[in-house]
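Visitor: task: produce atomic coordinates for the following.
(one chain, ligands or ions: 1)
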Amino acid sequence: MANSQQLSRGTVAAEPEPIDLDWSTTALLIIDMQRDFMEPGGFGETLGNDVSQLARAVKPIAAVLGAARAHDMLVVHTREGHLPDLSDAPAAKTERGAPSLRIGDPGPMGRILIRGEAGHDIIPALYPLDSEIVIDKPGKGAFYATELSDVLQKYGIENLLVCGVTTEVCVNSTVREANDRGYRCVVVADGCASYFPEFHEMGLKMIKAQGGIFGWVSDSAAVLKAMTPAPIPETSSI
Ligand code: TIU
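Guide: Residues are numbered from 1 along each chain as shown. Below you'll find the predicted structure:
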């Protein structure tokens, strides 16, 4: 049960406009905060990226995650990765580019982007509780070939607070499809990050442009403010 001190709904300051959310029909969706993207030696670095660019998202996500847990909100974590035999990894994905290590090759955190390997797991700072849902996805979007749609329907979810990495790849792919499926998506800007700061900025702009063509963009402070009861003013004893 949610703490009785918690608000049941709140208005989140966002662009292109504020949005009123009922927390009982809102889920926190944390995309791919995995060691393979966040730490040296993983998939992100093998693609030639500077993984230190992603660290800035961890604290804002941790703050929103703490508030979501206090509200008993549904929390869903996703992980991008593939089966050990790579049967769910299309050649069009595994052959692409010129990475130093390909998906499935052995790296310092185990086989790159393979389920069950150390690098595939979520970073300790945001580790899921046993009660939280973890969705393993083979693609960039979180709906493709996963049970996410069934999970959200089962819990009566209508709104998604979305955080994670990377802004323009897995976050954008997921938000675009969630929008088509009828979910109101509020993307937490400082809870997302990209290896390319300019792609992060443009990825967020694309979501909120044209009156919020794919959703809303907010930040962790605004989400926390909307979730936290205002302090009760002290009454004068006179
Ligand atoms: N490379 C890159 O920016 N992202 C990915 O490959 N996956 C996710 O965004 N999770």
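Visitor: give me the contacts around the longest strand seen in the chain.
Guide: Ranked by residue count under DSSP state E, the longest strand found in the chain is strand 184-193. Residues from elsewhere that reach strand 184-193, judged by Cβ atoms under 8 Å, 6 or more residues apart in numbering: 12, 14, 19, 21, 53-57, 60-61, 64, 158-167, 171, 175, 178-179, 200, 203-204, 207, 214-220, 223. All C-beta spots, glycine's among them, are computed from the backbone N, C-alpha and C.
Visitor: selection in ChimeraX covering whichever of the residues you listed are buried, please.
Guide: A single ChimeraX command is used to select the members of the contacts of strand 184-193 judged buried by 16 or more other Cβ atoms under 10 Å:
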select :12,14,19,21,53,54,57,60,61,64,159,160,161,162,163,164,165,166,167,171,175,178,179,200,203,204,207,214,215,216,217,218,219,220,223
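Visitor: so which of the contacts of strand 184-193 also contact the ligand?
Guide: Checking these against the ligand by Cβ under 6 Å from any ligand atom, the ones in range are 165, 166.
Visitor: tell me which of the contacts of strand 184-193 fall in strands.
Guide: Among the contacts of strand 184-193, the residues falling in strands (DSSP E) are 12, 19, 21, 159-165, 216-218.
Visitor: please identify which of those residues is nearest to the ligand.
Guide: Checking those against the ligand by Cβ to the nearest ligand atom gives residue 165 as the nearest, at 5.5 Å.
Visitor: beta partners of that closest one?
Guide: Under the criterion DSSP bridges, residue 165 forms beta bridges with residue 193.
Visitor: and it, how close does it get to residue 84?
Guide: 24 Å (Cβ to Cβ, to the nearest Å).
Visitor: gap between the longest helix anywhere in the chain and the chain center?
Guide: Secondary structure assigned by DSSP state H gives helix 197-212 as the longest helix of the chain. Centroid separation between helix 197-212 and its chain, computed with Cα atoms, centre = their mean, to the nearest Å, is 16 Å.
Visitor: which strands and helices lie in contact with it?
Guide: Using 3 or more Cβ pairs under 8 Å, 6 or more residues apart in numbering; DSSP states H and E, the elements in contact with helix 197-212 are helix 172-180, strand 184-193, strand 216-218.
Visitor: want to throw these into CSV with mean pLDDT and distance to residue 110?
Guide: Compiled in CSV, the helices and strands packed on helix 197-212 are given as follows (pLDDT from 0 to 100; distance: least, Cβ to Cβ, whole Å):
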stretch, mean pLDDT, distance to residue 110
helix 172-180, 98, 25
strand 184-193, 99, 23
strand 216-218, 99, 35
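Visitor: for these, give me a markdown table that also has distance to residue 37.
Guide: Putting the helices and strands packed on helix 197-212 into a markdown table (distance: least, Cβ to Cβ, whole Å) gives the following:
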| stretch | distance to residue 37 |
| --- | --- |
| helix 172-180 | 14 |
| strand 184-193 | 10 |
| strand 216-218 | 21 |
